[in-house]
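S.K.: give me the fold of what follows.
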Amino acid sequence: MLDWRTIDNVAPKAKSAHVIVVGNEKGGSGKSTLAMHVIVALLKAGRRVASIDTDGRQLSLTRYLENRARWSRKHALALELPAHFSVRPGDGETVSEIERQEHAAFRSIISRLGEAFDFVVIDTPGSDSYRMRLSHAIANTLITPVNDSFIDLDVLGRIDPERLTVIGASHYAELVRSGRRERHLGSHGETDWVVVRNRLSTLSSRNRARVTAGLDELAALLEFRVANGVSERVIFRELFPVGLTALDRLDRATLGVRPTASHLAARREMAELLAFLRLPAADAPAHEAARPPPLAIGA
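M.R.: Below you'll find the predicted structure:
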C-alpha cells in the first residue's frame, strides 16, 4: 500500500493544477481516446494543460499527440497541443529498485509542472503498477471508461452469475478505494470518480438493462458517478492516425476528407460527457469563446 507521505511528496500543492486521471486495469476501454478529448477540450477553453503518459510500454496517448503534431505540420493547421511528458518503465533487478526509479521520474515530472498549468491529464496503463496506484492517489478527478458489458463491469465488481447482482468490489475498485483513503489521510481532498459507459450500443436490450442495474448498484457501493459516454463509432478510430478529435474543426481542410453526420454525433456525445465531468474550467469565460464551430455536413 502507498503511504500518504509518499503521496504528499508527489501531489501538486494547493492552488496548483487540477489532476485528471483516466484509469482502468482492463485494456481496450478507450482511455487514451477519452484523455485526448479532455485535453483538447481544456486547451480550447483557454486553459494551460500538461499531459502525462504513464503507460511506458504502450504509449498510446503519446502516439496520439505525435500524430496530431505531425498532421498539424503537414497541413499547416493550428492544432492545440499540451506540454507532454511520458514516464518510462524503471530498470532494475528488484521490484523496489524499479519502483524507486519510477517514483523519482514521476515526482520529477510533477514537480517540474509546479503552478505553471491549470490541469494535468494522466493516462494510465491497463495493469496494476506503482505508477498506476500513485496516479490514482493524486487524482482530483478520476475517469474510468468501461465498455457496456458484464465482462468489462467485472473490473469494478464481482457479479453473481445467476442473479447478476453485485457480490463485492473488484481488485481495481479496491485500488481506487485505497488511493482515495491515502489521499484523504494526506489532506488532499476528495476524488470525484466518474465511470463512463463507453462504446454504447445504439440498440436497447435486456442485457444492457442488466448492465445499467449493475452499474447503479456499484455506484452506490463504491461512490462514483455514472456517465453515459460515447457510442461505438468507427470515427474515433479514424481520428487517431491523424491526431484529431471530435472537438476539432471538422471540415475538409482539417480532416482531409468530407465530414459526415457521424462526426456531428461524436462531437455532441463528447460535449455532453465533458459537461457531465463538471471540471473547474466549465464556468471559465474562455470556454464559450473557444467553443468548437458548428459542423457543416458536406463541407
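
S.K.: secondary structure class for the closest residue in space to Lys26 that isn't next to it in sequence?
M.R.: Using Cβ to Cβ, 6 or more residues apart in numbering and skipping the chain neighbours, the partner closest in space to Lys26 is Val155 (4.8 Å). C-beta: built from backbone N, CA, C; applies to glycine. Here Val155 is coil, with the state taken from DSSP: H, G, I helix; E, B strand; the rest coil.

S.K.: how many other residues sit next to Val155?
M.R.: Neighbours of Val155 under the rule other Cβ atoms under 10 Å: 19.

S.K.: swap in the one 3 residues further on?
M.R.: Around Arg158 there are 14 other residues, counting by other Cβ under 10 Å.

S.K.: gap between it and Lys26?
M.R.: Applying Cβ to Cβ, to the nearest Å, the value for Arg158 to Lys26 is 14 Å.

S.K.: now do Glu102
M.R.: For Glu102, the distance to Lys26 - Cβ to Cβ - is 21 Å.

S.K.: higher neighbour count, the two?
M.R.: Neighbours per residue (other Cβ under 10 Å) separate Glu102 from Lys26, with Glu102 holding more: 22 against 18.

S.K.: check which helix or strand covers that one.
M.R.: Element membership for Glu102 (DSSP states H and E) is helix 95-113.

S.K.: which positions within that helix qualify as buried?
M.R.: 98-99, 101-103, 105-106, 109-110, 113 (16 or more other Cβ atoms under 10 Å).

S.K.: out of those residues, who's nearest Tyr130?
M.R.: Nearest to Tyr130 among the buried residues of helix 95-113: Glu99, at 4.4 Å, using Cβ to Cβ.

S.K.: what does the model give that closest one for pLDDT?
M.R.: On pLDDT, Glu99 comes in at 72.

S.K.: that one - nearest residue in space that isn't next to it in sequence?
M.R.: Tyr130 (4.4 Å).

S.K.: just to be sure, Leu77 is in a strand?
M.R.: No. Counting by three-state DSSP, Leu77 is not found in a strand; it is coil.

S.K.: how far away is it from Arg208?
M.R.: Using Cβ to Cβ, Leu77 is found at 39 Å from Arg208.

S.K.: please enumerate the strands of the stretch 51-200 of the chain.
M.R.: Assigned by DSSP state E, counting those that start in this stretch, the strands in the stretch 51-200 of the chain fall at 83-86, 119-123, 141-147, 157-159, 166-169, 192-198.

S.K.: would you list the ones you listed in CSV and tack on distance to Ala50 and mean pLDDT?
M.R.: Below are the strands of the stretch 51-200 of the chain laid out as CSV (distance: least, Cβ to Cβ, whole Å; pLDDT from 0 to 100):
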stretch, distance to Ala50, mean pLDDT
strand 83-86, 4, 91
strand 119-123, 5, 94
strand 141-147, 15, 92
strand 157-159, 33, 79
strand 166-169, 32, 78
strand 192-198, 20, 92
